[in-house]
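J.: Provided below for reference: sequence and predicted model.
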Amino acid sequence: MKKNIRNIVCIAMALLISVSLAACGSGNGGAGGASAGNASSANSAGASTANSAGASTANSAGASANAPDATFKLAYQYGIQYLPAKIVQDQKLIQKYYPGNVEVTFQTMGSGAEINEGIISGSLDAGLVGTSVAITGVSKGVTYKVFSGISNIPNRLVSNKESLKTLKDFTPKDKIALVSIGSIQHLLLAMAQKKQLGDAHALDTNIMGMKHPDGMQALVSGSVQAHMTTSPYDLEELEMPGMHEIPNIVEDGLPGGSLILGVMSTKIQDENPALAEAVRKAFAEAMSYISDANNLDAIAEASYENEGLTKEKMLGYLQNPDTQFDAKVTGLMTLAKFMDDEDFLDGSAPTDPSAYFFDGVEHEN
């Protein structure tokens, strides 16, 4: 009896196996084959997705765990030449590239000298400053270096006094508004004075330090007779009745040189290199974004009110071929030598480029 039961069970199992094999065999042809392939692809895709997701999550978690929570404070100034900072701020690009949690704060300040003071005090980690301000900071021992070039948008000397045609026409009563002593506007003017007047300090007593917007108002009101400034203020002034440009200022100064640079505390690089790298990548993306003509309308829309312009004017200024942003730094060493030779520095300007630049920053002259 037991033997019969065992035989029946064996026969039943054999039948089940035969049915299963037949089903598999029929599935290998026609539509069944596609289904099998899809099942294989699905399994592969599922495994791949699972592995990818797992790896991504693990990498993200690992990166976040390895990158400490951080804060980063950056300041920039007034004018279109600082536009990359606005892009970095609006698009949260530092947060995008930092592999952890970072709180980023932006401030607008009236001069590069204020930014230098902020970095010295520790209230700022980085800033966008004129090339001359960066040279002054390094020569004074401020512990920062250049992480990127930003812009080389022209500056102009605009006057409301018809008799002022050249620098030789200025009298002691003719006042010149510019951001501050030692600013890039001051040094461009000084280089032009050296070439045209033989003395880089000839008009020092004519200078009145003012923020760009205040300088424009002073020029319009007549309380100063000239204003050394940049876009959009120079372009706005030249559209007003009775205003004219005094020529050959930048041409006799630092033609084609980088005028605005990004500087960052060396403490950030030393203590949190991932954050320093995130800052570099953020500004590189911002300048790439600006360089794409397809983005200019959106940039104008987002920034025109901040510059006190209409959207149409802002767009026109962005489309101006003189509006240039470039990570490559040019002319810093030339300007440093001039500042050293003409006594614009308390200390001596270093002659080794590594004193000014973080590794990897492209530069010449």
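T.: Good, I have the coordinates.
J.: contacts, neighbours, all on C-alpha from now
T.: Will do.
J.: tell me where the stretch 251-365 of the chain has helices.
T.: In the stretch 251-365 of the chain, the segments counted as helices under DSSP state H, counting those that start in this stretch are 266-271, 273-291, 296-303, 311-319, 332-341.
J.: tell me the angle of the third one relative to helix 273-291?
T.: Going back to what we said before, that points to helix 296-303. 120 degrees (axes from the mean of the first three to the mean of the last three CA atoms, to 10 degrees).
J.: helix 296-303 packs against which elements?
T.: Here helix 296-303 touches helix 311-319, going by 3 or more CA pairs under 8 Å, 6 or more residues apart in numbering; DSSP states H and E.
J.: list the helices and strands the helix it packs on packs on?
T.: So helix 311-319, by 3+ CA pairs under 8 Å, 6+ apart, packs with helix 296-303.
J.: residues contacting the helix it packs on, please?
T.: With CA atoms under 8 Å, 6 or more residues apart in numbering as the test, helix 296-303 has contacts from K86, I290, K311, E312, M314, L315, L318, Q319.
J.: again, 7 Å this time
T.: I290, K311, M314, L315, L318 (CA atoms under 7 Å, 6 or more residues apart in numbering).
J.: quick one: that helix to helix 311-319, angle?
T.: Using the same axes, to 10 degrees: helix 296-303 against helix 311-319 is 120 degrees.
J.: can you dump the C-alpha atoms of helix 296-303 in CSV for me?
T.: What follows is helix 296-303, C-alpha atoms only, in CSV (Å, rounded to 0.1, in the frame of the first residue of the first chain):
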residue,chain,number,x,y,z
LEU,A,296,20.3,87.3,-20.9
ASP,A,297,16.6,88.1,-20.9
ALA,A,298,16.0,86.1,-17.7
ILE,A,299,19.1,87.7,-16.1
ALA,A,300,17.8,91.2,-17.0
GLU,A,301,14.4,90.3,-15.5
ALA,A,302,15.9,89.2,-12.3
SER,A,303,18.4,92.0,-11.8
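J.: what is the distance between it and the centre of its chain?
T.: Relative to its chain's centre, helix 296-303 lies at 16 Å (CA atoms, centre = their mean, to the nearest Å).
J.: buried set for it?
T.: Within helix 296-303, the residues that qualify as buried are L296, D297, I299, A300, S303, counting by 16 or more other CA atoms under 10 Å.
J.: can you check stretch 118-136 too?
T.: 118-120, 124-136.
J.: where along the stretch 151-300 of the chain do the strands fall?
T.: 155-159, 176-178, 207-209, 226-230, 244-246, 260-265 (DSSP state E, counting those that start in this stretch).
J.: quick one: average pLDDT of the fourth one?
T.: Averaging the model's pLDDT scores along strand 226-230 yields 96.
J.: starting from it, tell me which strands it pairs with and how they run.
T.: Strands that pair with strand 226-230, judged by DSSP bridges, come out as strand 155-159 (antiparallel), strand 176-178 (parallel).
J.: please identify the most buried of those.
T.: Mean neighbour count, computed with mean count of other CA atoms under 10 Å, is highest for strand 176-178 among the strands paired with strand 226-230, reaching a mean of 28.
J.: ok, back up a step: among the buried residues of stretch 118-136, which are in helices?
T.: Mapping those onto helices (DSSP state H) picks out G118, I119, I120, T131, S132, V133, A134, I135, T136.
J.: from these, pick the one nearest S163.
T.: Distances from S163 to these, taken as CA to CA, are shortest for S132 (30.2 Å).
J.: I figured the closest one was touching I184, is that so?
T.: Yes - with contact defined as CA atoms under 7 Å, S132 reaches I184; the gap is 5.2 Å.
J.: tell me which residue lies nearest the centroid of the chain.
T.: F283 (3.4 Å; CA atoms, centre = their mean).
J.: wait, it touches V88, no?
T.: Yes - F283 is within contact range of V88, at 6.5 Å (criterion: CA under 7 Å).
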